[in-house]
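# Dropping the sequence and predicted coords here.
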Amino acid sequence: MSKFDELYRLHRLLDGRRTGLPRSVLIGEHGFSRSTLARLIADLRDRLGAPLIHDSERGGYRYDTADGSHALPGLWFTPAELHALVTLKHLLANLEPGLLDDHLRPLQARIDKLLGSNHLGVGEAAQRIRILAAAARQKNLRHFQTVAGAVLQRRRIKIDYFNRERDETSTREISPQRLAHYRDNWYLDAWCHGKKGLRIFAVECIRAATPLGKAAKAIAESTLNRELASAYGIFAGLPVATAVLRFTPKRARWVADEIWHPRQQSRWLEDGRYELAVPYSDDRELLMDILKYGAEVEVVAPEVLREAVRNQLDVAAGQYRRGEAPGSEIEPDGE
């Protein structure tokens, strides 16, 4: 029997008793050893905050409550488990500040108390773990909980959605299917009843979300994967082409360890270059990822993607051929 089972067994013996339970009975009739009983009593009091007292007038151990009952918290963790939970909470707080604060704040207070009672260092995670976000945007996720609730409860919602590309807001009735966290942003896969098709919505672009009290339209996971996750990146659609990319030997040492797509294909060339083949539907995100490698990648196929990359590089080079850029108005401090 684990120590948690023993702890819960002792709790059940004490819970709801108006009279005390003698130590001798706990040892003699219920089989607790003296050392185990002492440890369990200390754990109930110090780790779980139980109002456990020894009342000589009432005959032994009892909970110091009006009716003798006490509800144990659902947080029984080892020190390693507590540290893991605190680390996860710290990661979430840094990746999406304020996202679940209302729900996590009571949990954090309880964890801090447990950590303190075990001398494990309250706030240690915040001091020892750094989360560095590159080019992170300020995101408005005030409707995240409504959206997440609709996903889990499989209920329809009405949303006001802002389209950045068209600079306009539209109202839609949708059946949420699943949430995806991709490249530091939250996206919602949903069936749009107005468009009669699957769409991907950026959660930060949802300006209003109202539960409708109706069951969501159910879409098979295989359909979601085929229509929304079969091509490269976040943009939906079935693959229309396969991008063939060749990386220089130097860059290949990094790219070879990356997963660009679950169905990617790759091979090493004799000259040390690395060739990667990735299916895609919409080239917008793929173009950005290719361009960040500059001269260390070549698009071999298809020709339309090769031409798109060439045009982007020509436009970029043209900005540097127009003459020397004006100097910065902010002077360095110097030494």
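Perfect, thanks for sending it.
# switch to C-alpha atoms for all contacts and neighbour counts from now on
Will do.
# List the strands paired with the longest strand seen in the chain, with their directions.
Criterion DSSP state E: the longest strand present in the chain is strand 168-182. If you go by DSSP bridges, strand 168-182 pairs up with strand 155-163 (antiparallel), strand 185-192 (antiparallel).
# Let me have those in TSV, adding mean neighbour count as columns.
Converted to TSV, the strands paired with strand 168-182 look like this (neighbours: other CA atoms under 10 Å):
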stretch	mean neighbour count
strand 155-163	20
strand 185-192	20
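# May I see those arranged in TSV, with mean pLDDT and distance to residue 34 as well?
Output for the strands paired with strand 168-182, formatted as TSV (pLDDT from 0 to 100; distance: least, CA to CA, whole Å):
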stretch	mean pLDDT	distance to residue 34
strand 155-163	95	54
strand 185-192	90	54
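# what's the closest of the ones you listed to residue 143?
strand 155-163 (9.6 Å; CA to CA).
# and of the strands paired with strand 168-182, who's closest to residue 314?
Nearest of the strands paired with strand 168-182 to residue 314, taken as CA to CA: strand 155-163 at 29.2 Å.
# which residues touch the closest one?
Contacts to strand 155-163, defined as CA atoms under 8 Å, 6 or more residues apart in numbering, come from residues 147, 150, 168-176, 205-217.
# Show me which of these are buried.
Listed as buried from the contacts of strand 155-163 are 147, 150, 172-176, 205-207, 209, 216-217; burial here means 16 or more other CA atoms under 10 Å.
# Dihedrals phi and psi, the residue nearest to residue 22 when sequence neighbours are not counted?
In space, and not counting its chain neighbours, residue 22 is closest to residue 60: 4.2 Å by CA to CA, 6 or more residues apart in numbering. Backbone torsions of residue 60, given as degrees, to the nearest 10, read phi 150, psi -150.
# Residue 213: helix or strand, and which one exactly?
Per DSSP states H and E, residue 213 falls inside strand 206-215.
# Return the angle between stretch directions for that strand and strand 155-163.
Per axes from the mean of the first three to the mean of the last three CA atoms, to 10 degrees, the angle that strand 206-215 makes with strand 155-163 is 160 degrees.
# Just the CA coordinates for strand 206-215, please, in PDB.
Below are the C-alpha coordinates for strand 206-215, written out as PDB (Å, rounded to 0.1, in the frame of the first residue of the first chain):
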ATOM      1  CA  ILE A 206     -11.900  37.100 -32.000                       C
ATOM      2  CA  ARG A 207     -13.500  40.300 -30.900                       C
ATOM      3  CA  ALA A 208     -16.500  38.800 -29.200                       C
ATOM      4  CA  ALA A 209     -17.600  35.200 -28.400                       C
ATOM      5  CA  THR A 210     -21.100  34.200 -27.300                       C
ATOM      6  CA  PRO A 211     -22.300  30.700 -26.400                       C
ATOM      7  CA  LEU A 212     -25.400  29.700 -28.300                       C
ATOM      8  CA  GLY A 213     -26.600  26.700 -26.300                       C
ATOM      9  CA  LYS A 214     -26.700  24.400 -29.300                       C
ATOM     10  CA  ALA A 215     -24.700  21.300 -30.000                       C
END
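# by contact count, what packs against it?
Helices and strands touching strand 206-215, as assessed by 3 or more CA pairs under 8 Å, 6 or more residues apart in numbering; DSSP states H and E, comprise helix 144-153, strand 155-163.
# How far does that strand sit from its chain's centre?
Between the centre of strand 206-215 and the centre of its chain there are 22 Å (CA atoms, centre = their mean, to the nearest Å).
# just the angle between that strand and helix 144-153, please?
Going by the same axes, to 10 degrees, strand 206-215 makes 30 degrees with helix 144-153.
# Neighbouring strands - and their directions - for strand 206-215?
Strand 206-215 pairs in its sheet with strand 155-163 (antiparallel), by DSSP bridges.
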